[in-house]
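Enquirer: Below are the sequence and a predicted model for it; my questions follow.
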Amino acid sequence: MMKTLDDSLREEFYQILEQDEFKTKIELRQLDIDLIKTSFERLLENKYKNLNEDELNESRQQFQNFIINHFKENI
Amino acid sequence: MIIKDVKIKNFFCYVEENKFEFEEGLNIISARNGGGKSQLFNAFYWVFFNKVYTNYGENNTKKKWKNADDIILCPDFKKYSVNIDDEIETSVEISILAPNFRDDNAIEDIIPYKFRKIIVYEKTKDFLKISYSTGLQVEYVLNNETHFAESFEIESLLNKIFPTSLRKFIWYQGETMDDLYDFSNDRTLREAINGISYYPIYDTLGKVVKLSEKNVNDLIWKKQRKENKLSKEQNEIIDQIQKTERDVESKNKQKTAYESEVQNIEEKIVNIETKLQGFDHFIKFKSEMIELEGKLEQTKERLDFLEHSTKDDLIKKWMLNDCEDLINSSQKNLEILNKEIQKINESDNPVPITLPGPEYVEQMLKDNMCYICERPVEKDSNAYEALKRRMSDFEINLQNRILNDNYTELNRYRRRLISDLPKINEEIKDVEKRKQLLIKKRNFLQKKINNLYSEIGTENKNQLDDGAHTAKNLTNQLKTLRQEVKSKTRYFQDTLNNLNNLEGHLRNLKIKSDSFIKSTDDLSTAENRAKVYINLFVETISVLKEKAYDNLINELEKESNRLYSLYLNGKEQGRIKFTSIGIRVLDNVTGKFLDSLNTGEEVAEKLAVANSFLSLSAIKMNKSYPLIADAPTSDLDADNTYNLTCNISKSFDQMIIMSKDYSQFEGDELTDLIKNANISSFYDVTNVLIDPEGENTRTNKKSLINRIK
């Protein structure tokens, strides 16, 4: 099956997370890797280039609220 | 994107309607020279970009990309076979499947398009004139309904379907291979990368996470301030951060604005340069014309001068021709005159120059008063008579001077005539000769000017003048735009430097704020915990963005080298490397640049790089483009042509290759090639006589399509 655009973006992001620098940061800060990956999916939902100011803000809101709400539900 | 079919009607060598149907995979149009393959390529280019690759209007065989507006596209057969006042319709219709141009987010939404252009010519007594032309019409089917693109949206539609940065890789003209790309300019490479990859998406993601970082920090500080958890100094740092963030944002906007202005101007420059390609012959002809017209004017003036200014003089002299004896005899009279003058000069009583002048003496006579001794001078007295004699001396003296002048003049004229008269016939002959030479030159220049008009293919001067005028305007626009790019780039660079300083300052402030936020941060609030994740996203996406460009270059290099090896059947001497000074081939062993590559290697290199861009676009963006190539293998030998054909089909979803090089394969060899190269459709196009009994001329020829597979 042909790789989609999201597949390519995801693959490159995961490769960065595998780098020692970020692996250490994730461990030290005790970050949840699944949450990082699912948050990245929210980012991908609005990936298309040349977004205007409103669209950027909307995208920011979706991404940010997803993480904040995750903690609000789990604290 | 897939090209489904092309209908060509009365376009160059295609008489009446002809149809090519294309499949996914490799489509070959095989034709010998003059068969019609390049005109099929032109049909595409005419419809989409209003240009054709031709030597029409040139006084040599060198072909150029030309604006199609000045070129008669219909076949010679039609031009000569129809009657006066009859109309000939030339049209091309291309059907394709491509992403919905109205929705950027729906690249997988593939819809059918029809691109159509029609020109109707009317035959007059001497030439064909355009009766009407439709321009480009685009029809597409969306949600089961047929729509027609508005004229104002056609350009953006074309840009979406065939991005400008990729066009030259999609439409590959073997003869213009040297102009295919110039990646010595970093921007050219970057633009092509933007066109083929998702690299710009990282920009968007970066903006989103940075916005989020700012927003979540604001939320946390707001909360901390509300709960009075911050000292005065800490509050000040936060105020500074917020102010600097606003400055950074405004500088970023400025930077983006300059960047897009520079990009827009550069696009305009490319457009003007492309337009100018269709006009350069006007500039060349106009400058030649100006030079010739200047020379013609100069010649005419010299001829006029010769005819008019020397005419009177010559006639006067000519009238005195054979009068030498008469003139010589005048010598005697002149001598008498001279003697008389000498005699007067020798007078015993010459007028002393120290005495009062004639006006003074005249006044004394009038007033009867001597102003020298202050005594009255009675009329008829001796003194009065003396004064009168003095006046008479003055008059005699004056007459003598006049006489002397006349004598000198007459003598000079006589001497000149005596010297000129024997040469008069020679002079007349010489003038006549010079006149004939000038007339010859004038006629020659006039003929050259007329030839120039015939060469350019325009019947009247106005067309040439309009073309030259447009070209001059375009050149001026180009000059202004280039200056504008320079100054905007300077502003852009200044803004970028300011931005870097501000970002550095912001980083320092954030390090300070992080230290006191951490000290108060118990990760008890959702915002505080989210902030840690968002920070990680800011860092990772910034690294992703930096790495993405390098990765793409690496992937392009890898793909280029894979294709390069395929096209040369594993016999490559080096590997392709993208460097800051352009794309080069490095020696496999020494790692140094290889120069003096053979033609086959150069073709393979350029094709491999061009194809790597298209193939990577297919991989990265899930967007595929066809490769439409005219004569890509023209510089390759039979083995390389065979290898390239077999291997190229593995590179793309669709390729349409037009070449004469397949006519060397016949029978089983051709069947093997079709099988081994997995060719989807194979057309053999031949140029045949329309009337088999008629003359072997272009007016009796047309292209005949035969689909072999």
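Expert: Good, I have the coordinates. Residues are numbered from 1 along each chain as shown, chains lettered A, B, ... in the order given.

Enquirer: Check residue 13 and give its pLDDT.
Expert: Let's take chain A. pLDDT recorded at A:Phe13 is 92.

Enquirer: Not quite, go with chain B.
Expert: 93.

Enquirer: In contact with it: list those residues for me.
Expert: B:34-36, B:39, B:75, B:687, B:701-703 (Cβ atoms under 8 Å, 6 or more residues apart in numbering or on different chains). Glycine gets a C-beta too; all of them are placed from N, C-alpha and C.

Enquirer: next one: A:Lys37
Expert: By Cβ under 8 Å, 6+ apart, the contact list for A:Lys37 reads A:Tyr14.

Enquirer: Sticking with it, tell me its helix or strand.
Expert: In this assignment (DSSP states H and E), A:Lys37 forms part of helix A:33-45.

Enquirer: quick revisit: mind giving me the ChimeraX select for the contacts of B:Cys13, buried ones only?
Expert: Here is the ChimeraX command that picks out the buried ones among those, judged by 16 or more other Cβ atoms under 10 Å in any protein chain shown:
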select /B:35,36,39,75,687,701,702,703
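
Enquirer: ok, which pair from the contacts of B:Cys13 is furthest apart?
Expert: Farthest pair in the contacts of B:Cys13 (Cβ to Cβ) is B:Gly35 and B:Pro75. Separation: 14.0 Å.

Enquirer: need the contact list for the residue in chain A that chain B sits nearest to.
Expert: Chain B sits closest to A:Phe71 of chain A, with a gap of 3.7 Å, by Cβ to the nearest Cβ. Counting by Cβ under 8 Å, 6+ apart, A:Phe71 makes contact with B:526, B:529-530.

Enquirer: By neighbour count, which of those residues wins?
Expert: Greatest neighbour count in these, by other Cβ atoms under 10 Å in any protein chain shown, goes to B:Ala530: 26 neighbours.

Enquirer: mind listing what that residue touches?
Expert: By Cβ under 8 Å, 6+ apart, the contact set of B:Ala530 is A:64, A:67-68, A:70-71, B:216.

Enquirer: What sits closest to the residue most central in space within chain A if chain neighbours are left out?
Expert: Taking Cα atoms, centre = their mean, the centroid of chain A lies closest to A:Phe40, which sits 1.8 Å from it. Distance criterion Cβ to Cβ, 6 or more residues apart in numbering or on different chains; nearest residue to A:Phe40, sequence neighbours excluded, is A:Phe13 at 5.6 Å.

Enquirer: sorry, back to before: the residue nearest to the centre of chain A contacts A:Glu11, doesn't it?
Expert: No: counting by Cβ atoms under 8 Å, A:Phe40 stays clear of A:Glu11, with 11.4 Å between them.

Enquirer: May I see the buried residues of the helix ranked longest in chain A?
Expert: Ranked by residue count and defined by DSSP state H, the top helix of chain A is helix A:53-74. Within helix A:53-74, the residues that qualify as buried are A:56, A:59-60, A:63-64, A:66-68, A:70-71, counting by 16+ other Cβ under 10 Å.

Enquirer: chain center to that helix: distance?
Expert: Between the centre of helix A:53-74 and the centre of its chain there are 11 Å (Cα atoms, centre = their mean, to the nearest Å).

Enquirer: Could you do stretch B:627-635 as well?
Expert: 25 Å.

Enquirer: Next, the buried residues of it.
Expert: Result for stretch B:627-635 [16+ other Cβ under 10 Å]: buried residues B:627-633, B:635.

Enquirer: count of neighbours near B:Tyr172?
Expert: Neighbour tally, B:Tyr172, other Cβ under 10 Å: 24.

Enquirer: Repeat that for B:Phe41.
Expert: By other Cβ under 10 Å, 23 other residues sit near B:Phe41.

Enquirer: So B:Pro376 sits against B:Met369, correct?
Expert: Yes: between B:Pro376 and B:Met369 there is a contact under Cβ under 8 Å: 5.6 Å.

Enquirer: coming back round to it: got the angle between the longest helix of chain A and helix A:33-45?
Expert: With axes from the mean of the first three to the mean of the last three Cα atoms, to 10 degrees as the basis, helix A:53-74 and helix A:33-45 are set at 160 degrees to each other.

Enquirer: what's the distance between the residue nearest to the centre of chain A and A:Leu17?
Expert: 9 Å (Cβ to Cβ, to the nearest Å).

Enquirer: In contact with B:Arg482, which residues?
Expert: By Cβ under 8 Å, 6+ apart, the contact set of B:Arg482 is B:Ile269.

Enquirer: Tell me if it really is in a helix.
Expert: Yes: B:Arg482: assigned to a helix according to DSSP: H, G, I helix; E, B strand; the rest coil.

Enquirer: ok, and the helix or strand in chain A with the lowest average confidence?
Expert: helix A:5-17 (a mean of 88; mean pLDDT, DSSP states H and E).

Enquirer: Can you name the residues that contact B:Ser81?
Expert: B:Thr699.

Enquirer: if I look at it, how far off is chain A?
Expert: For B:Ser81, the distance to chain A equals 52 Å [Cβ to the nearest Cβ, to the nearest Å].

Enquirer: B:Pro422 too?
Expert: For B:Pro422, the distance to chain A - Cβ to the nearest Cβ - is 92 Å.

Enquirer: same question, B:Arg415
Expert: With distances taken as Cβ to the nearest Cβ, B:Arg415 is found 94 Å from chain A.

Enquirer: before we move on, what about B:Phe11?
Expert: Distance of B:Phe11 to chain A, computed by Cβ to the nearest Cβ: 37 Å.

Enquirer: State the phi and psi torsions of that residue.
Expert: phi -120, psi 110 (degrees, to the nearest 10).

Enquirer: Make sure it is actually in contact with B:Gln39.
Expert: Yes: when contacts are counted by Cβ under 8 Å, B:Phe11 is listed as touching B:Gln39 (6.6 Å).

Enquirer: Now do the buried residues in the least confident helix or strand of chain A.
Expert: By neighbour count on 16+ other Cβ under 10 Å, the buried set for helix A:5-17 is A:5, A:8-10, A:13, A:16-17.

Enquirer: Same question for stretch B:267-277.
Expert: Neighbour-count burial for stretch B:267-277 [16+ other Cβ under 10 Å]: B:269, B:272, B:275-276.

Enquirer: Averaged pLDDT, that stretch. What do you get?
Expert: If you average the pLDDT values across stretch B:267-277, you get 77.

Enquirer: Check stretch B:479-487 too.
Expert: 90.

Enquirer: Let me know how buried B:Phe613 is, in neighbour terms.
Expert: Neighbour tally, B:Phe613, other Cβ under 10 Å: 25.

Enquirer: Likewise for the one 5 residues further on?
Expert: Look at B:Ala618: counted by other Cβ under 10 Å, it has 18 neighbours.

Enquirer: Quickly find the element holding it.
Expert: With DSSP H and E as criterion, B:Ala618 is part of helix B:599-621.

Enquirer: Could you figure out how far that helix is turned away from helix A:5-17?
Expert: Here helix B:599-621 runs at 90 degrees with respect to helix A:5-17, directions being taken by the same axes, to 10 degrees.

Enquirer: Can you name the next helix or strand after helix B:599-621?
Expert: Counting by DSSP H and E, what follows helix B:599-621 is strand B:627-630.

Enquirer: I'd like to know which elements that next one is packed against.
Expert: The elements that strand B:627-630 packs onto, with contact taken as 3 or more Cβ pairs under 8 Å, 6 or more residues apart in numbering or on different chains; DSSP states H and E, are helix B:37-49, helix B:164-170, strand B:171-173, strand B:654-659.

Enquirer: Distance from the chain centre to the first one, please.
Expert: This points to helix B:37-49. Centre-to-centre, helix B:37-49 and its host chain are 21 Å apart (Cα atoms, centre = their mean).

Enquirer: same for the helix or strand following it, what does it pack against?
Expert: The helix or strand immediately downstream of helix B:37-49 is strand B:51-54, counting by DSSP H and E. With contacts defined as 3+ Cβ pairs under 8 Å, 6+ apart, strand B:51-54 has these neighbours: helix B:37-49, strand B:64-67.
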